[in-house]
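Mind folding the following:
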Amino acid sequence: MILYNIALSGNCHKVRLMLAFLGLDYQTYDLDLGTSEQLSDDFLKLNPFGQAPVIDDQGLVIRDSQAILVYLAKKYGEDRFWSDDPAELANITSWLSTAANELQNGPARLRLHHKMGRPIDLKHATDTTTKLLNIIDRHLADKQWLIVDRLSLADIAMYPYLALAHEGQVDLSPYQNITAWLTRFEALPNYVSMPGINL
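Here you go, the predicted model:
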């Protein structure tokens, strides 16, 4: 298996986490952003959107971090991270959607601005972040994990950009349930970190 990767991407990190939790062997191909390799003809054949991560599993090419998580869970996870229960499956899917929407448009966008200098609608990203963090913190008030009594795709999908929130000048200290969840996550066997995550 090959992972087409960007080292500083939280979306790539969630795939690296999943691969580590599954104990899968894979090769990493780091895209050269300096030459805009993600927009090269060769890479656009793998993902016409020009984004990482992408995996190639023996010729099966899958783009998008959420889709990759689902594929890996179903193919290699033996239902450890997924569920066939309709209610649990719906809840996991809702958090995957949150990771692709509110999380991306809030904490991830603030990081993109403050760490990488990208212009954004700062008020919208800040308001989205505040609303999201309050929702997650309340949700975790009586839970160890986001969905069930074990780690699921929901946690893996949400983790990186919350752990990197400080790079977007977001203070997580008022959100004690989130910070406790981050600590639990980082204590998991086979956990792997990435640049920017303070352990």
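
mind listing the helices for this structure?
If you assign secondary structure with DSSP state H, the helices in the chain sit at 10-22, 41-46, 65-76, 86-100, 102-105, 107-116, 122-139, 153-163, 176-186.

quick one: which of the ones you listed is nearest residue 28?
For these, proximity to residue 28 was assessed by Cβ to Cβ; helix 10-22 is nearest, at 8.0 Å. All C-beta spots, glycine's among them, are computed from the backbone N, C-alpha and C.

hang on, the earlier thing: any chance of the helices of the chain in TSV, with mean neighbour count too?
Rendered in TSV, the data for the helices of the chain read as follows (neighbours: other Cβ atoms under 10 Å):
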stretch	mean neighbour count
helix 10-22	22
helix 41-46	12
helix 65-76	20
helix 86-100	16
helix 102-105	20
helix 107-116	20
helix 122-139	16
helix 153-163	25
helix 176-186	16
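
which stretch among those helices comes nearest residue 145?
In this view, the helices of the chain are compared for proximity to residue 145 by Cβ to Cβ, and helix 153-163 is the closest at 5.4 Å.

and the angle from the closest one to helix 107-116?
For helix 153-163 against helix 107-116, the angle between stretch directions is 30 degrees (axes from the mean of the first three to the mean of the last three Cα atoms, to 10 degrees).

wait, which of the helices of the chain is closest to residue 197?
Comparing the helices of the chain against residue 197 with Cβ to Cβ, the closest turns out to be helix 153-163 (4.8 Å).

Switch the helices of the chain over to TSV; also include distance to residue 3 and mean pLDDT.
TSV is the format used below for the helices of the chain (distance: least, Cβ to Cβ, whole Å; pLDDT from 0 to 100):
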stretch	distance to residue 3	mean pLDDT
helix 10-22	6	98
helix 41-46	12	93
helix 65-76	9	96
helix 86-100	18	95
helix 102-105	20	98
helix 107-116	20	96
helix 122-139	27	98
helix 153-163	15	98
helix 176-186	20	98
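
With distance to residue 170 added, can I get the ones you listed in JSON lines?
Rendered in JSON lines, the data for these read as follows (distance: least, Cβ to Cβ, whole Å):
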{"stretch": "helix 10-22", "distance to residue 170": "13"}
{"stretch": "helix 41-46", "distance to residue 170": "31"}
{"stretch": "helix 65-76", "distance to residue 170": "20"}
{"stretch": "helix 86-100", "distance to residue 170": "16"}
{"stretch": "helix 102-105", "distance to residue 170": "12"}
{"stretch": "helix 107-116", "distance to residue 170": "6"}
{"stretch": "helix 122-139", "distance to residue 170": "6"}
{"stretch": "helix 153-163", "distance to residue 170": "9"}
{"stretch": "helix 176-186", "distance to residue 170": "11"}
